[in-house]
Structure formats: structure tokens, C-alpha cells
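Colleague: Structure for the following, please:
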Amino acid sequence: MNKTISRLINYIEVTQPINIKSHIYRSCKVGDFLSKLHNTDLNKVKIALLGHDLYRAYSNKDLLQKANQKNIYISEIEKHSPILLHGKLASMKMKNYFQINDPEILHSIKWHTSGHKYMSAVFKVVFLSDKIDPEKIKNNTSLNPIKIKACKNLDQAMLMYLNYNIKLRIKNNELIHPYSIQARNSIQKDMETIN
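Modeller: Numbers count the residues shown, from 1 in each chain. Purely as a prediction, here's the structure:
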């Protein structure tokens, strides 16, 4: 097994609560499946998924405190919803502690919650693998069509998820991360160009 992957698994085993640990491993299984299906870099996807939720169990207060300590820029929406910082913190941890320098891996981790206007195939697999974890689908069957679409077309699945998530946030009167809108518009524009 890749040394980085072994180190990450050892770190996860020691530091993460059972629910986060289980989600990370389920996401890795989905990522493995989607990577093979769409011929993306399996190693990059696995490393990104092992690292994506290293700060997910932190409280809002702890996330803000950690981000301040590490001089991470905190946007207005992140001040309002500090959970959005967990990707930024995880990306920094992967770079500094695990010596991951691959920009594709770090970018995929940093923006795995909101999406981003610049998304490689690796990013899309990481993003979707997190969202269509089988346990999440079990708790929310609205995600099942996104899983089915992800097996056929990553862009269409991304668009489906982003549309679903943005509509849900509007319905619940919640803030929408501007990067989610940018990600959605970027994919929509790309798909129109193809057609």
C-alpha cells in the first residue's frame, strides 16, 4: 500500500470519531468505484477522500479558532457557517503534515463542500463520492438519482447535485456559498458548449 495512504489511515484510526471514520471509508469505496468507471487517477482520489473530512468533527468555535491560528482567510459566509472551513483546514493539514503537494488533491479537499468553478475529473469524483455515500442516500433518497447519474456522466451528476443543493438551501432560507453557484454555472456553460 502507498505510504501516504497508510499514514492517513493510521491517523484517521487514532483521531476520528467512528461516524466520521465510517463516512471517510464509505466515500473511499464510492471513489474507488467511480474512478475505475471514469478512468480517473485512483491514487489521487483515495488520498483526497481520506483527507477530506479530517476536521469535520470540530465544533464551529474550534473551526474558527483553528482557521485564525493558521491565518486562513475566513469569508463572510464561513463566519456565518464555520463548518465550511473544514475543507480549507484539511487541505492545509494534508500539505503541511502529510507533505501532499499535488494541487489537484489539495484543491479537491479544500472545496469539497461547496464545489468550485475549476474542477478536474479527480475533483468531481471526490466531490460526488462524499455526497453519495450510501449512508447519506439511505437517509435521503433524493440523492439516489445523482448516484445513478454519477455512474454515467460526472458533469451531469455534478449539475444535478448542485441544482438540488441550491434549491434546498433556497427552500430552507439558507445562505448559498458563492462557489457553489460558480461551480454550477461553470458546468452548465461547459455542457452547453459541448451540445
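Colleague: which non-adjacent residue is nearest I181?
Modeller: Computed as Cβ to Cβ, 6 or more residues apart in numbering, the closest residue to I181 that is not its neighbour in sequence is I166, at 6.9 Å. In short, each C-beta sits where N, CA and C put it, glycine included.
Colleague: Pretty sure the one you found sits against S180.
Modeller: Yes. Proximity of I166 to S180 meets the contact threshold set by Cβ atoms under 8 Å, at 6.2 Å.
Colleague: Would you enumerate the residues in contact with the residue nearest to I181?
Modeller: Contact partners of I166, counting by Cβ atoms under 8 Å, 6 or more residues apart in numbering, are 176, 180-181, 184.
Colleague: T40 now?
Modeller: 34, 121-122, 125.
Colleague: Considering the residues you listed, which possesses the most neighbours?
Modeller: When the contacts of T40 are compared by neighbour count (other Cβ atoms under 10 Å), V125 ends up highest, at 30 neighbours.
Colleague: pLDDT averaged over the strand or helix carrying that residue, what's the number?
Modeller: V125 is part of helix 121-131, with elements assigned from DSSP states H and E. Averaging pLDDT along helix 121-131 gives 98.
Colleague: What of stretch 187-195?
Modeller: If you average the per-residue pLDDT over stretch 187-195, you get 82.
Colleague: Export that stretch to PDB, keeping only CA atoms.
Modeller: Provided in PDB are the C-alpha atoms of stretch 187-195 (Å, rounded to 0.1, in the frame of the first residue of the first chain):
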ATOM      1  CA  ILE A 187     -20.600  23.100 -15.600                       C
ATOM      2  CA  GLN A 188     -23.800  24.400 -17.200                       C
ATOM      3  CA  LYS A 189     -21.800  26.600 -19.600                       C
ATOM      4  CA  ASP A 190     -19.400  23.700 -20.400                       C
ATOM      5  CA  MET A 191     -22.300  21.400 -21.100                       C
ATOM      6  CA  GLU A 192     -23.900  24.000 -23.400                       C
ATOM      7  CA  THR A 193     -20.600  24.400 -25.300                       C
ATOM      8  CA  ILE A 194     -20.400  20.600 -25.800                       C
ATOM      9  CA  ASN A 195     -24.000  20.500 -27.100                       C
END
